[in-house]
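**Q** Give me the fold of what follows.
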Amino acid sequence: MRAISRIELIPVRLPIVQKDDDISQLILLSLDDANITIENSDVFVIAHTIVSRAEGKEFHIPSLHSSPFAEYIARKTGKDPALVHLILEEAEQILKVQNNIIITKTKHGWICANSAIDQSNSRPNCAVSLPSDSNASAEKIGKYLKKMVGKELAIIISDTHGRALRRGAINVAIGSYNFPVIDDVRGRKDIFGYELKATIVALADEVASAAELVMGQAGEMIPVVIIRGLEFKSPISDISELQFDDDRRLFR
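**A** Numbering: from 1, shown residues only. The predicted structure is shown next:
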């Protein structure tokens, strides 16, 4: 059962992240400048764009080549052929092409628009793809911060995804470290004593979405948010538990 009385969302401002920057060190410097102390059980939600940029996953579109197939898709969507080529490079499977959107299953297993390739918060004429392994990125940052401050903490790497049946994008978790991604409440009782049979909560997505309230989507310069006050008894789980196997997806 959750035991939460109050949650704090603490913004962490960072400078524009460049390739090969150390995200962990930038976070510590920012916290020091803002006189913010890390506490036990703090959860750091980190926008993937800064992780991707630091890991060299920002691409200069005019420098990219395009394949004949990318040019074909570009004509159907009105997109830049080089950008389409990058989208296809990040895709394991194309699920649908309609209007100016390409729905893909990425190499990471996510179902999303344009393979999660994002031109917002990228340098001019550039686009950012997802980290190669967001779990590994989260683990690297988390272990370094724990070593430096001696506190128990968790990391969530987030991205903004659209939804199939509702308008508007929302932040979701795409990588995690030391966090109960799933809160399985089956077997617990509701307020009237009914035993829950099927309820499984996407806890990591809930936390990522809460952080977006502070992060914003434009020029806020807040790519990291500390969420303080979470207390959960669910076991640590892997981000892969948020994904359905293909044969269980209701909407394709």
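
**Q** Which secondary structure element is home to the residue nearest in space to the middle of the chain?
**A** Centre of the chain computed as the mean C-alpha position; nearest residue by C-alpha atoms, centre = their mean is S158, 1.8 Å away. In this assignment (DSSP states H and E), S158 forms part of strand 153-161.

**Q** still on that earlier bit, what's the per-residue pLDDT of the closest residue to the residue nearest to the centre of the chain other than its chain neighbours here?
**A** Once flanking residues are discounted, S158 sits nearest to A208: 4.0 Å by C-beta to C-beta, 6 or more residues apart in numbering. In this view, the C-beta of every residue, glycine as well, is placed from N, C-alpha and C. We have a pLDDT of 96 for A208.

**Q** do you know how far A208 is from A154?
**A** 12 Å (C-beta to C-beta, to the nearest Å).

**Q** Compare those two (neighbour count), which wins?
**A** A208 (29 against 22; other C-beta atoms under 10 Å).

**Q** Which SSE is immediately downstream of the helix or strand encompassing the more buried one?
**A** In the assignment (DSSP H and E), A208 maps to helix 203-215. For helix 203-215, the following helix or strand on the C-terminal side (DSSP H and E) is strand 224-228.

**Q** angle of that next one against strand 153-161?
**A** Comparing the axes of strand 224-228 and strand 153-161 via axes from the mean of the first three to the mean of the last three C-alpha atoms, to 10 degrees yields an angle of 130 degrees.

**Q** List the neighbouring strands of strand 224-228 plus their orientation.
**A** strand 8-12 (antiparallel), strand 42-47 (antiparallel) (DSSP bridges).

**Q** and those strands, which is most packed in?
**A** strand 42-47 (a mean of 25; mean count of other C-beta atoms under 10 Å).

**Q** Send me that one as CSV with only the CA atoms.
**A** Taking Å, rounded to 0.1, in the frame of the first residue of the first chain, the C-alpha atoms of strand 42-47 are listed here in CSV:
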residue,chain,number,x,y,z
ASP,A,42,14.8,11.0,-3.9
VAL,A,43,13.8,10.1,-7.4
PHE,A,44,15.5,11.9,-10.3
VAL,A,45,13.4,12.2,-13.4
ILE,A,46,15.7,13.1,-16.3
ALA,A,47,14.6,14.1,-19.8
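
**Q** how far is it from where the chain is centred?
**A** Relative to its chain's centre, strand 42-47 lies at 10 Å (C-alpha atoms, centre = their mean, to the nearest Å).

**Q** Can I get stretch 180-193 in CSV, CA atoms only?
**A** Provided in CSV are the C-alpha atoms of stretch 180-193 (Å, rounded to 0.1, in the frame of the first residue of the first chain):
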residue,chain,number,x,y,z
PRO,A,180,9.6,-0.1,-8.7
VAL,A,181,8.5,0.5,-12.2
ILE,A,182,5.3,-1.5,-11.6
ASP,A,183,3.0,-1.3,-8.6
ASP,A,184,1.1,-4.5,-8.6
VAL,A,185,-1.9,-4.0,-6.4
ARG,A,186,-3.6,-7.3,-7.1
GLY,A,187,-4.7,-9.0,-3.9
ARG,A,188,-5.0,-5.7,-2.0
LYS,A,189,-8.4,-4.5,-0.7
ASP,A,190,-10.2,-1.4,-1.8
ILE,A,191,-12.1,0.9,0.7
PHE,A,192,-15.1,-1.4,0.7
GLY,A,193,-13.1,-4.6,1.1
